[in-house]
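**Student:** My questions are about this predicted structure, shown below with the sequence.
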Amino acid sequence: MSESSIFSRIYRGEIPSEIIAETENVFAIRDIAPKAPVHLLVIPKTDEYRNVVELAAGDPTLLTEMIGLANSLAAEYADGDFRLVFNTGEGAGQTVFHVHAHVLAGGLSEGNLR
Ligand code: 5GP
């Protein structure tokens, strides 16, 4: 296990952020700096995978669970349509190395691409 990530600290309640949904192995929060009308983060409770490539290789079932929660949240918070973004690597804008999916919804434009 790596050093505790900011998302693990949020899940444990050490950093304030409302957990808006969770499944057995995944939870979701609102992004603190939203880039779309609905901008949520879907995050595995484990921080052992740094990015989606590691996750897909190590635990594809957990990746599927993330996508399922993203789909449910897009239906609950928007019209059901959504963009799923996994920034992978610093050069792609990844800043937190605990894999997470950005769920962008609720009126998207090219400006939401990041
Ligand atoms: P990345 O840049 O790694 O793909 O995405 C990290 C995301 O986490 C960013 O969009 C950033 O706004 C969000 N973020 C960073 N710190 C916090 C925090 O303390 N609370 C919440 N809710 N989001 C955060």
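**Tutor:** Done, it's in.

**Student:** What residues does the residue nearest to Ala56 when sequence neighbours are not counted make contact with?
**Tutor:** Take Ala56 and drop its neighbours on the chain: the residue closest to it by C-beta to C-beta, 6 or more residues apart in numbering is Leu63, 5.5 Å away. Placement of C-beta: from N, CA and C, glycine included. Contact analysis of Leu63 by C-beta atoms under 8 Å, 6 or more residues apart in numbering lists 52, 55-56.

**Student:** Go through those and say which is closest to the ligand.
**Tutor:** Val52 (10.4 Å; C-beta to the nearest ligand atom).

**Student:** Tell me the pLDDT of the nearest residue to the closest one once chain neighbours are set aside.
**Tutor:** Nearest residue to Val52, sequence neighbours excluded (C-beta to C-beta, 6+ apart): Phe86, at 4.0 Å. We have a pLDDT of 98 for Phe86.

**Student:** Quickly run through the sheet partners of the longest strand along the chain, with directions.
**Tutor:** In the chain, assigned by DSSP state E, the strand with the most residues is strand 38-44. Sheet pairing for strand 38-44, assigned by DSSP bridges, gives strand 26-30 (antiparallel), strand 101-105 (antiparallel).

**Student:** which SS state does the residue nearest to Ala56 fall under?
**Tutor:** Per DSSP: H, G, I helix; E, B strand; the rest coil, the local secondary structure of Leu63 is helix.

**Student:** near the ligand, which residues of this protein show up?
**Tutor:** Proximity of the chain to the ligand (C-beta under 6 Å from any ligand atom) is limited to residues 6, 15, 17, 29-33, 41, 87, 93-96.

**Student:** quick one: contacts for Thr46?
**Tutor:** Taking C-beta under 8 Å, 6+ apart, we find Thr46 in contact with 25, 62.

**Student:** in which helix or strand would I find it?
**Tutor:** Per DSSP states H and E: Thr46 is located in neither a helix nor a strand.
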